[in-house]
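K.L.:
sequence? don't have it. structure:
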């Protein structure tokens, strides 16, 4: 039985056969998510793998951020407010992973908490941006798995539009600070 793995991809150099299986990549009885396989580049030893072409990895995360933001906007217009707010979190997460690669020249940890990603980048953010990041981060789990996802007092048009604006502000701050083009 293959082991599902997302966090510790320890591979031997001979483990180079890659094929797609049910949405995940299968590599000699090990499964890895698409994100991990995309960034893997050449297989070798070590804890984190990333293509040696960091520009390619940064481009992937920046495109993901833009796509997630556009999806947030579309789901807001469609009235799917919980998913709009979740996609706001995904847009900022992807952006922060791009920022991490730009600054550290290595692949970020497999984490999704925005405050942790901000801390890992080492960039001092203004309190106003930090507060928006905390607000956005609250919707990573709650918007999908908690009973609150159906709570119209939380997931409504006004709150989703506000969070989308906060997300835009966070993205704008980072892109201006690092002179990024998304």
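P.N.:
That came through, no problem. Computed from a predicted structure; not experimentally measured.
K.L.:
remind me which residues of this protein are low pLDDT?
P.N.:
Along the chain, the parts satisfying pLDDT under 70 run over 1-52.
K.L.:
for it, just list every one of the helices.
P.N.:
Counting by DSSP state H, the chain has helices at residues 34-40, 54-77, 81-104, 114-121, 127-137, 157-178.
K.L.:
between helix 54-77 and the last one, find me the angle.
P.N.:
For the pair helix 157-178 and helix 54-77, the angle between their directions (axes from the mean of the first three to the mean of the last three Cα atoms, to 10 degrees) equals 160 degrees.
K.L.:
so what does helix 157-178 touch, helix or strand wise?
P.N.:
Contacting helix 157-178 under the criterion 3 or more Cβ pairs under 8 Å, 6 or more residues apart in numbering; DSSP states H and E are the following elements: helix 54-77, helix 81-104, helix 127-137. All C-beta atoms are positioned from the backbone trio N, CA, C, and that covers glycine.
K.L.:
can you pull the contacts of the nearest residue to residue 120 once chain neighbours are set aside?
P.N.:
Computed as Cβ to Cβ, 6 or more residues apart in numbering, the closest residue to residue 120 that is not its neighbour in sequence is residue 100, at 5.8 Å. Neighbouring residues of residue 100 by Cβ atoms under 8 Å, 6 or more residues apart in numbering: 106, 108, 117, 120-121.
K.L.:
the residues you listed: which two are farthest apart?
P.N.:
106 and 117 (13.6 Å; Cβ to Cβ).
K.L.:
please identify which of the two sits among more neighbours.
P.N.:
Using other Cβ atoms under 10 Å, the more surrounded residue of residue 106 and residue 117 is residue 117, with 21 against 14.
K.L.:
wait, that one touches residue 98, no?
P.N.:
No: using Cβ atoms under 8 Å, residue 117 is not in contact with residue 98, being 10.5 Å away.
K.L.:
any idea which of the helices and strands packed on helix 157-178 is most buried?
P.N.:
Highest mean neighbour count of these: helix 81-104, a mean of 24 (counted as mean count of other Cβ atoms under 10 Å).
K.L.:
residues in contact with the spatially closest residue to residue 130 that is not a sequence neighbour?
P.N.:
Using Cβ to Cβ, 6+ apart and skipping residues adjacent in sequence, the residue nearest residue 130 is residue 118, 7.3 Å away. Residue 118 makes contacts with 96, 125, 130, 133, as judged by Cβ under 8 Å, 6+ apart.
K.L.:
number of nearby residues for the second one?
P.N.:
Looking back up the chat, that one is residue 125. 17.
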